[in-house]
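Asker: output the structure for:
(one chain, ligands or ions: 1)
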Amino acid sequence: MVLQEQSVGQVMDGKALAASVRETLKEKVTKIVETGKRRPGLAVVLVGDDKASALYVKNKTQSCKKVGIESFMHTFPADTDMETLLNCIKTLNQSDVVDGILVQLPLPSHLSAEEVLAVLDPNKDVDGLTTESMGRLFAGKTGLRPCTPVGVMVLLEEHKVDVEGKHAVVIGRSNLVGKPIAMLLQQKNATVTMCHSRTKDLDKICQNADILVVAAGKREFVKGSWIKPGATVIDVGIHHTQGPDGESVISGDVQYADAAKVARHITPVPGGVGPMTVAMLLSNTITAFERRTGIK
Ligand code: GUN
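Answerer: All right, here's what the predicted structure looks like:
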């Protein structure tokens, strides 16, 4: 029997990989507790009533539970003032049972994420977003790294995607995703091109990408014709829309069906990068615990 040639790229199953990462982390927490130590703790701060943020936060606290990490939820109404929020962060900085602090973004428009990050203890910065954490990443020093970029690197490693010497194209230049992923890829010896909304001839640049990371924030922005045959495509986008019959549809920044016909590896949305982000948040919380308690 002649096997039919595969017409779609190999799907990079982030959901399955995240479950396997959680199992490893659960064993780690069990060992910590067996030695008589307290459980690692993550404080999650949510301001306002953005539905998507509430869902992401719920997902994060449920994932903590799965691996035995203690989570502390701090919810504030949308009209909370800066002083109240900063006081909360300062209290969490001082808490002995809190190893990681995550302030869910975006904040309501009258609040400044920058001011929050300026007071947040870098040792508890599980988002890797403080100037200290970003500086350490850019300088190649140890530190807590942003979760989505690390999750992407773990996915690439799991699928044995060769990064060294390859041309990696990153679309998006946010502090949370674009900038750190470009740096991590470069540290693995990729040649990185950073693109953004003002980049000219983006389709042609993408057609040269061995690894394409898309964090454009625009639904199905990258077309199948932009993908180099055999490339690895990482889709960081997530968009909730309604289908023709009113059904809920989730899609990414890449036209998945077309891109999958050309790519060698591709992440689905949902079930690709998203679950890995949460798994890396748990991993960062345990790392912060280990560093703060002197295990590492
Ligand atoms: N909002 C969307 N993604 C993230 C994330 O990774 N961390 C935080 N704090 N907020 C987010």
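
Asker: list the residues that contact the residue of the stretch 1-150 of the chain found nearest the ligand.
Answerer: Residue of the stretch 1-150 of the chain nearest the ligand, by C-beta to the nearest ligand atom: Leu105 (3.7 Å). Backbone N, C-alpha and C define where each C-beta goes, glycine included. By C-beta atoms under 8 Å, 6 or more residues apart in numbering, Leu105 lies in contact with 53, 113, 176.

Asker: what about Glu23, how many residues nearby?
Answerer: 12 (other C-beta atoms under 10 Å).

Asker: ok, Val150 next?
Answerer: 22.

Asker: what's the answer for the one 3 residues further on, then?
Answerer: Using other C-beta under 10 Å, Met153 has 22 neighbouring residues.

Asker: same question for Met276.
Answerer: 27.

Asker: mind listing what it touches?
Answerer: Here Met276 is in contact with 14, 17-18, 21, 147-148, 151-152, 154-155 (C-beta under 8 Å, 6+ apart).

Asker: so which of those residues also contact the ligand?
Answerer: When contact is defined as C-beta under 6 Å from any ligand atom, those meet the ligand at 147-148.

Asker: can you tell me which of the contacts of Met276 end up in helices?
Answerer: Of the positions in these, 14, 17-18, 21, 147-148, 151-152, 154-155 sit in helices, assigned by DSSP state H.

Asker: tally of neighbours for Val163?
Answerer: Val163, neighbours per other C-beta under 10 Å, totals 19.

Asker: so it sits against Thr191, correct?
Answerer: No. Using C-beta atoms under 8 Å, Val163 makes no contact with Thr191, being 10.0 Å away.

Asker: got the residues of the chain near the ligand?
Answerer: So the chain meets the ligand at 102-105, 127, 147-148, 176, 277 (C-beta under 6 Å from any ligand atom).

Asker: from one end of stretch 76-87 to the other, what's the distance?
Answerer: 12 Å (C-alpha to C-alpha, to the nearest Å).

Asker: other residues contacting that stretch?
Answerer: With C-beta under 8 Å, 6+ apart as the criterion, stretch 76-87 contacts 45-49, 88, 107-108, 110-112, 115-116, 119.

Asker: next, name the residue at the spatial heart of this structure.
Answerer: Nearest to the mean C-alpha position of the chain, by C-alpha atoms, centre = their mean, lies Thr148 at 1.6 Å.

Asker: nearest residue to that one in space, ignoring adjacent ones along the chain?
Answerer: Thr277 (4.6 Å; C-beta to C-beta, 6 or more residues apart in numbering).

Asker: just list the residues touching the one you found, thanks.
Answerer: Contacts of Thr277 (C-beta under 8 Å, 6+ apart): 147-148, 151.

Asker: now flag whichever of the residues you listed is closest to Ile286.
Answerer: Cys147 (12.7 Å; C-beta to C-beta).

Asker: so who does the closest one touch?
Answerer: 126-128, 276-278, 280-281, 284.

Asker: what ranges do the helices span in the stretch 101-250 of the chain?
Answerer: With DSSP state H, counting those that start in this stretch as the criterion, the stretch 101-250 of the chain has helices at 113-119, 131-138, 147-158, 178-187, 202-206.

Asker: and the third one with helix 131-138, angle?
Answerer: It stands for helix 147-158. Orientation of helix 147-158 against helix 131-138 (axes from the mean of the first three to the mean of the last three C-alpha atoms, to 10 degrees) gives an angle of 20 degrees.

Asker: just name the most buried of the helices of the stretch 101-250 of the chain.
Answerer: helix 147-158 (a mean of 23; mean count of other C-beta atoms under 10 Å).

Asker: ok so, going back, could the contacts of Leu105 go into TSV alongside distance to Leu212 and pLDDT?
Answerer: Shown next, in TSV, are the contacts of Leu105 (distance: C-beta to C-beta, whole Å; pLDDT from 0 to 100):
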residue	distance to Leu212	pLDDT
Ser53	28	96
Ala113	28	98
Leu176	18	97
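
Asker: mind listing what Met153 touches?
Answerer: Applying C-beta under 8 Å, 6+ apart, the residues contacting Met153 are 181, 184-185, 188.

Asker: same deal with Gly140?
Answerer: Gln187.

Asker: leaving out sequence neighbours, find the closest residue to Gln10.
Answerer: Per C-beta to C-beta, 6+ apart, closest to Gln10 is His265, 5.1 Å.

Asker: nearest to Arg198, of the contacts of Thr277?
Answerer: Using C-beta to C-beta, the contacts of Thr277 come closest to Arg198 at Thr148, 22.6 Å.
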